[in-house]
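# Structural data only, the sequence is not supplied:
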DNA sequence: TGTTTCATAGTAAACGATTACAGCATGTCT
DNA sequence: AGACATGCTGTAATCGTTTACTATGAAACA
């Protein structure tokens, strides 16, 4: 391994000078700089990032701690984070917590041990509540979740607005008996449910707790909960799910019961996924600006790393309602479907 | 920050002893060990992994270098890798190369700079050919791609077999004019195409180069190529795509031309994805054992890290053919569909 | 008893960079 | 000319560990 010493020797200067050339570049004569760079080139020298990190107490690694990379939302975000990080010379350490507070704690500690420059994190409510007590020595940017009363940078969808718009869209299209399937571990599900309830109230409908379920944000849970809804005495005429996993489970269940969308039941969800637009009818949803979320979170983090004293920012992005056939207006539905519709 | 010195002081021993207690545990009296561990506990000491890595020239970080984490195959694999790595106390550095040899080189160098213990990599053919010349100081396990003539651990689907079985399945179900859309940058597409050609030959059909397209493994490319196929004078009666992105693009195009699957055209692909089973008809495909691939690759890597001299292994896993409605037998297709079928 | 062996523990030298400090020119100001 | 600032460079300390080496005492062995 060629080290800074070898370069110094080859260039006939001290290691300090080599370091100066390679990092800040201050206080070096152009001629010496050229000699050093030539030596670097000739020897194929590459600075050892571990040594640099140890000495300077600052690394070029960011942590990305999400519940599950297989959730398409996080997949997309992680790609954006990695791209943005790479552009600034940072690399990304990836962790999956499964919304498990213990794993979250373990990984945050790991991040500290690894001396990361900062972490982008989608925490559970439990961990968020205790996050100040962990006194981590790196900044955190929270994504996808609200952090009320906590002094931390946050990049977030306007979840209440999104839930409101999605529900209003259903109401305007003639659906009245709307069930909501929400993820249970984060604030996100709750906020989207809040938007849902506000929309109902705005239409003089009273939200019933019967129709709002908080469940694990997994396909299987969405599937099971939907079956239960569909088999109830008073099944809903529309289902809103607050993430794509729940949406996929709901769709499975609807298919299993041989119901038609949207004639028998409408389905709307969150997050643009491959399946939501490929399925027939295509699924109405609120698309999150995942690339922008990832990029913004990374930028906020890097800015905070550069200036730890700056005031924290809360960036709230709007989702985009993609109205598709799965929530088509009731009165525009074909005769065929009315024939087959249940009571 | 509490360092090993503080612990040593608190326990009334030297730093060497603390280190011995915490790493190998050899040559320490039980009583002293207890005192040290108590001090560790009391002070909340956590070893600085950066310092450890610098001194021991060995880290607990693995690299995962894939073309694009958004490809569901890699998403699933990465999750499995992260899980397996975590169980062994390793963390995972994630990179996306977009099948770009330049980015691959940059990231491999980065891995070296970060002093990773090893890398799991799905390389382009170009990089693979030059990989020995890079003389990296860490072991690599190649996934998803063959590495003929290169002395490296590999975990791989039996791609020829998979292509053969998928094509044979189509042939047995009465399809005769089968087009293949293959990813262009890796050996994988080529191998699957080879299986496809072998299957045709086994049925006394001669594969025409007209019907085998090598394109970028992206939805848009699959979409465009499929449109071209469908609009040709002699459109195929079945399309085989060698990855899920191409499959999604093909499905889009088929929908756009208002064709029925499988009556007008059958569609088969690779990789189990959410959409492939949600779409109607469900898509026939070869499911890769992604979890096993990720886990096996991680295990091979860790074993090689532990013993760099062991002989390299080539692990070939079989895919699972999930026959679904998108490739239903021609003679079992309904009348309705025959009515609407093209020439 | 004298010699070896071995477990235990400490001392201090790495690992490969950054950086505080000092030294020496050179230029500027009075 | 003398004082002082400024630009360039080298020396050496430092980051927090691991680990080679050494020292000590006890056990084992002849």
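Yep, it's here. Remember, it's a predicted structure, so these values are computed and weren't measured experimentally.

# for residue A:181, helix, strand, or coil?
Under DSSP: H, G, I helix; E, B strand; the rest coil, residue A:181 falls in the strand class.

# which ones are touching it?
Residue A:181 is in contact with A:213, A:215, A:222, A:225, A:226, A:239, A:240, A:241, A:242, A:246, A:250, counting by C-beta atoms under 8 Å, 6 or more residues apart in numbering or on different chains. Just so you know, the C-beta spots here come from the backbone N, C-alpha and C atoms, and that holds for glycine as well.

# With residue A:95 instead?
Applying C-beta under 8 Å, 6+ apart, the residues near residue A:95 are A:63, A:64, A:65, A:66, A:103, A:107, A:110, B:82, B:86, B:91, B:92.

# Next, count neighbours for the first one.
What that stands for is residue A:63. 24 (other C-beta atoms under 10 Å in any protein chain shown).

# Check residue A:174 too.
17.

# What sits closest to it if chain neighbours are left out?
Spatially, and ignoring its direct neighbours in sequence, residue A:174 is nearest to residue A:330 (3.3 Å; C-beta to C-beta, 6 or more residues apart in numbering or on different chains).

# Roughly how far does the nearest residue to residue A:205 once chain neighbours are set aside sit from residue B:265?
Nearest residue to residue A:205, sequence neighbours excluded (C-beta to C-beta, 6+ apart): residue A:176, at 6.8 Å. Here the criterion is C-beta to C-beta, to the nearest Å. By it, residue A:176 lies 41 Å from residue B:265.

# Out of the contacts of residue A:95, which sit inside helices?
The members of those that map onto helices under DSSP state H are A:103, A:107, A:110, B:82, B:86.

# Spell out which residues of the stretch 101-250 of chain A are next to chain B.
Remark: the part of the stretch 101-250 of chain A in contact with chain B comprises A:109, A:110, A:112, A:113, A:114, A:115, A:137, A:219, A:248, using C-beta under 8 Å from any C-beta of the partner chain.

# what sits against the residue in chain A that chain B sits nearest to?
Closest to chain B within chain A is residue A:275: 3.4 Å, counting by C-beta to the nearest C-beta. Residue A:275 is in contact with A:248, A:283, B:273, B:274, B:275, B:278, B:279, counting by C-beta under 8 Å, 6+ apart.

# hmm, try it at 10 Å
Counting by C-beta atoms under 10 Å, 6 or more residues apart in numbering or on different chains, residue A:275 touches A:72, A:244, A:247-248, A:251, A:282-283, B:248, B:273-279.

# quick check, nearest of these to residue A:313?
Lowest distance from residue A:313 to the contacts of residue A:275 (C-beta to C-beta) belongs to residue A:72, with 26.2 Å.

# Could you report the neighbour count for that closest one?
Residues near residue A:72, counting by other C-beta under 10 Å: 23.

# Hmm, residue A:245 and it touching each other?
Yes: with contact defined as C-beta atoms under 10 Å, residue A:72 reaches residue A:245; the gap is 8.4 Å.

# shared neighbours, those two?
Contacts common to residue A:72 and residue A:245, judged by C-beta under 10 Å, 6+ apart, are A:271, A:273, B:274.

# Let me have those in TSV, extended by neighbour count, pLDDT and distance to DNA strand C.
Below are the shared contacts of residue A:72 and residue A:245 laid out as TSV (neighbours: other C-beta atoms under 10 Å in any protein chain shown; pLDDT from 0 to 100; distance: C-beta to the nearest atom of the strand, whole Å):
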residue	neighbour count	pLDDT	distance to DNA strand C
A:271	23	98	41
A:273	27	97	43
B:274	24	97	45
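
# can you tell me which of the residues you listed are in helices?
Counting by DSSP H, the shared contacts of residue A:72 and residue A:245 contribute residue B:274 to helices.

# Where strands are concerned, which of the contacts of residue A:275 count?
Among these, none falls in strands (DSSP state E).

# Just the buried subset of those residues, please.
A:72, A:244, A:247-248, A:251, A:282-283, B:248, B:273-279 (16 or more other C-beta atoms under 10 Å in any protein chain shown).

# Closest to residue A:36 out of the residues you listed?
After measuring the buried ones among the contacts of residue A:275 against residue A:36 - C-beta to C-beta - the closest member comes out as residue A:72, at 47.4 Å.

# Please report the distance of the closest one from residue B:130.
34 Å.

# again with residue A:20
Counting by C-beta to C-beta - residue A:20 and residue B:130 are separated by 34 Å.

# residues in the stretch 1-150 of chain A within reach of DNA strand D, list them.
With C-beta under 7 Å from any atom of the strand as the criterion, the stretch 1-150 of chain A comes near DNA strand D at residues A:12-17, A:20, A:27-29, A:31-32, A:51, A:54-55, A:57.

# Could you tell me the phi and psi values at residue A:288?
Per-residue torsions, residue A:288: phi -90, psi 140 (degrees, to the nearest 10).

# Make sure it is actually in contact with residue A:317.
Yes: the pair residue A:288 / residue A:317 is scored as a contact, 7.6 Å apart, by C-beta under 10 Å.

# These two: who's more crowded?
Neighbours per residue, other C-beta under 10 Å: of residue A:288 and residue A:317, the larger number sits with residue A:288, 25 against 16.

# who touches the more buried one in this structure?
By C-beta under 10 Å, 6+ apart, the neighbours of residue A:288 are A:73, A:76-77, A:144, A:156-157, A:159, A:162, A:243-244, A:270-272, A:317-320.

# That one and DNA strand D: what is the separation?
The spacing between residue A:288 and DNA strand D, counted by C-beta to the nearest atom of the strand, to the nearest Å, is 40 Å.

# Same check on residue A:272?
45 Å.

# and that residue, what does it touch?
Contacts of residue A:272 (C-beta under 10 Å, 6+ apart): A:72-73, A:76, A:244, A:283, A:285-290, A:319-320, A:322.

# re earlier: could you give me the PyMOL syntax to select whichever of the contacts of residue A:95 are buried?
Restricted to buried positions by 16+ other C-beta under 10 Å, the PyMOL selection for the contacts of residue A:95 reads:
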select buried, (chain A and resi 63+64+65+66+103+107+110) or (chain B and resi 82+86+91+92)
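
# The contacts of residue A:95: which ones sit near DNA strand C?
Counting by C-beta under 7 Å from any atom of the strand, no member of the contacts of residue A:95 is near DNA strand C.

# Run the contact check for stretch A:291-302 versus chain B.
No: counting by C-beta under 10 Å from any C-beta of the partner chain, chain B has no neighbours in stretch A:291-302; the shortest distance is 10.8 Å.

# buried residues in that stretch?
Result for stretch A:291-302 [16+ other C-beta under 10 Å]: buried residues A:293, A:294, A:295, A:296, A:297, A:298, A:299, A:300, A:301, A:302.

# quick check, nearest of the residues you listed to DNA strand C?
The closest of the buried residues of stretch A:291-302 to DNA strand C turns out to be residue A:302 (C-beta to the nearest atom of the strand; 17.6 Å).

# my guess is the closest one meets residue A:118, correct?
Yes: at 7.6 Å, residue A:302 counts as touching residue A:118 under the criterion of C-beta under 10 Å.

# In strands, which of the contacts of residue A:181 appear?
Reading strands off these with DSSP E, I get A:213, A:215, A:239, A:240, A:241.

# So which of those residues wins on neighbours?
Ranking those using other C-beta under 10 Å puts residue A:240 first, with 35 neighbours.

# what residues are up against that one?
Taking C-beta under 10 Å, 6+ apart as the test, what residue A:240 contacts is A:163, A:166-167, A:169-170, A:175, A:178-182, A:192-193, A:195-196, A:199, A:211-212, A:246-247, A:250, A:266-270, A:284-286, A:327.

# Done for today, thanks.
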